[in-house]
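Visitor: build the 3D model from these lines:
(chains A, B, C and D)
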Number of protein chains: 2
Amino acid sequence: MTKASLYQQLKQDIRQGVWPAGVVLNQQKLSDYYQVSRIPVRDALQQLKAEALLVMAGKASLMVPPLTAAEAEELYQIRLQLEPMALRRAFPQLTFSLLGQAEDLLHQLEQNQHLSAADRGALNWQFHLILYQPSHCPHLLRLLHSLHQQVERYLGFQEISLNYANTSHQEHWQLLELLRAQQLDAAVALLQQHIQQAGELLTSHLRQQPA
Amino acid sequence: MTKASLYQQLKQDIRQGVWPAGVVLNQQKLSDYYQVSRIPVRDALQQLKAEALLVMAGKASLMVPPLTAAEAEELYQIRLQLEPMALRRAFPQLTFSLLGQAEDLLHQLEQNQHLSAADRGALNWQFHLILYQPSHCPHLLRLLHSLHQQVERYLGFQEISLNYANTSHQEHWQLLELLRAQQLDAAVALLQQHIQQAGELLTSHLRQQPA
DNA sequence: TTAAATTAATTTGTATACAAATTTCAAGCG
DNA sequence: CGCTTGAAATTTGTATACAAATTAATTTAA
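Guide: This is a model prediction of the structure:
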């Protein structure tokens, strides 16, 4: 378990619910669990804190942040502002090769029904990333990645997963079609609708059974 | 020099040019300079890296990131999307008390012509923050703060400082007036213009003499 | 019984020492 | 002369040990 991989592992374990929302992560516990000293644990925690994947709990301890409905709504609202920008800036540099790669990912998502929620989340981000990468906006992409990661933990719930398999999926295919047909405005409109829907789905779920 | 303060100190020193753009920061150098061991240095570096105030330079070393004109344009474009959102969401909760606090800050900025660039940057952010805080959007505010910090380093150059004292200042006062008069749409329009101008000023400067 | 205060326990913060990796630089080869 | 190769030097990564701080538990007083 080397440094970079501990950070990755810890992040993945948070996503997958090994350390659920509300749990206080102390360094000793983690260094025991992952069989490393506290130094690399500290490094990973520091980074996760800066990315808001962990938050302060008291003066010195770190916690897996519970996500409130209000926060989810906020995060999706931010995405709603930024992802259209990413798509617009990427559009002129989009190639059929890239659209093909995106298609491949959708097929992976469709065919493998047995994927874990974490894997689906990763593939979903990969799909969006392929479309946004050509924007050559490193800061925007970093930021969007961070936003995606903050909600990934909550996309495993049944209600959300089910809906995902239906609506969200079709929208992905439509999005590719519109981009292939050079219909940028329509694609952006669909993207906005897509984000809005996903946001509403998550927030309404969180309002029903708070994390 | 305790942990939190080392992070603060290092961040301030990067802003103020003690460690200029392009310089590689190695842990030994920093722990000598700040008279602490490498452990707290590592913590601070890790955090600054996650905030994009430092970037990787090679496989393992960290560098103060040079800012390109393209990146500056990108950062301001992001602000252009997000700050109107912050202002709109804060507006219903804005009070005359808060507008008064904002006024006080503008006076501080006007009266003290001898302020350092870093101090002016901090006050400028404080001003915007007062207007955005009532939105109760913690993620949005954290994000905007991060964006502000990434360009603060470059707001000390003469051309920018001079222009700042003129146009930008008036716009701040106008913004407060419009908010006091409940003219939200007009205020948002002015804010957008304000950000756009500041962005163009910085990018054109960076195009002339790259950092 | 509750609330404040003090003490004990745990947990985080830091320094030092050593291992692993990277970077640098010089020698050898094409 | 430039490029690769290899070893030396530097730099980062990690473990252990101890100091400082925070968190908890217990006692004491109102």
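Visitor: chain A: helices as residue ranges?
Guide: A:3-15, A:27-33, A:38-50, A:69-90, A:96-111, A:117-132, A:138-152, A:158-163, A:169-180, A:184-208 (DSSP state H).
Visitor: so the fourth one, near chain B or not?
Guide: Yes - for helix A:69-90, a contact with chain B is found by Cβ under 8 Å from any Cβ of the partner chain, at A:70-71, A:74-75, A:77-78, A:81-82, A:85. Just so you know, the C-beta spots here come from the backbone N, C-alpha and C atoms, and that holds for glycine as well.
Visitor: and that helix with helix A:96-111, angle?
Guide: Helix A:69-90 runs at 150 degrees relative to helix A:96-111, counting by axes from the mean of the first three to the mean of the last three Cα atoms, to 10 degrees.
Visitor: swap in the last one?
Guide: Taking the same axes, to 10 degrees, one finds that helix A:184-208 is oriented at 30 degrees with respect to helix A:96-111.
Visitor: swap in the third one?
Guide: An angle of 110 degrees separates the directions of helix A:38-50 and helix A:96-111 when computed by the same axes, to 10 degrees.
Visitor: what does the first one give?
Guide: Here helix A:3-15 runs at an angle of 50 degrees relative to helix A:96-111 (the same axes, to 10 degrees).
Visitor: not counting sequence-adjacent ones, nearest residue to A:L141?
Guide: Closest residue to A:L141 apart from its sequence neighbours, by Cβ to Cβ, 6 or more residues apart in numbering or on different chains: A:Y132 at 6.0 Å.
Visitor: can you get me a residue count around that neighbour?
Guide: Neighbour count for A:Y132, taken as other Cβ atoms under 10 Å in any protein chain shown: 23.
Visitor: could you pull up the contacting residues of it?
Guide: A:83, A:86-87, A:90, A:140-141, A:144 (Cβ atoms under 8 Å, 6 or more residues apart in numbering or on different chains).
Visitor: closest to A:W19 among those residues?
Guide: When the contacts of A:Y132 are compared for distance to A:W19 (Cβ to Cβ), A:L144 wins out at 24.3 Å.
Visitor: surely the closest one is in contact with A:A86?
Guide: Yes - at 6.4 Å, A:L144 counts as touching A:A86 under the criterion of Cβ atoms under 8 Å.
Visitor: so which of the two has more stuff around it?
Guide: A:A86 (24 against 21).
Visitor: near DNA strand D, which residues of chain A are found?
Guide: Residues of chain A lying near DNA strand D by Cβ under 7 Å from any atom of the strand: A:2-3, A:6, A:31, A:36-40, A:43, A:57-61.
Visitor: which of those come close to DNA strand C?
Guide: A:2, A:38-39, A:60-61.
Visitor: ok, back up a step: who wins for proximity to B:Y164 among the helices of chain A?
Guide: Judging the helices of chain A by Cβ to Cβ, what sits closest to B:Y164 is helix A:138-152, at 22.7 Å.
Visitor: any idea of the mean pLDDT in that closest one?
Guide: Confidence over helix A:138-152 (mean pLDDT, whole number) is 96.
Visitor: what sits against the closest residue to A:I130 other than its chain neighbours?
Guide: Excluding the flanking residues, the one nearest A:I130 by Cβ to Cβ, 6+ apart is A:A102, at 4.7 Å. The contact partners of A:A102, by Cβ under 8 Å, 6+ apart, come to A:127, A:130-131, A:176.
Visitor: can you rerun that using 10 Å?
Guide: For A:A102, the contact set (Cβ atoms under 10 Å, 6 or more residues apart in numbering or on different chains) comprises A:94, A:126-131, A:172-173, A:175-176, A:179.
Visitor: separate out the buried members of those residues.
Guide: Applying 16 or more other Cβ atoms under 10 Å in any protein chain shown to the contacts of A:A102, the neighbour count classes A:94, A:127-131, A:172, A:175-176, A:179 as buried.
Visitor: helices and strands of chain A: which one has the lowest mean pLDDT?
Guide: helix A:158-163 (a mean of 70; mean pLDDT, DSSP states H and E).
Visitor: coming back round to it: now, which of the contacts of A:Y132 sits nearest B:N112?
Guide: Relative to B:N112, the closest of the contacts of A:Y132 is A:L140; by Cβ to Cβ it sits at 35.2 Å.
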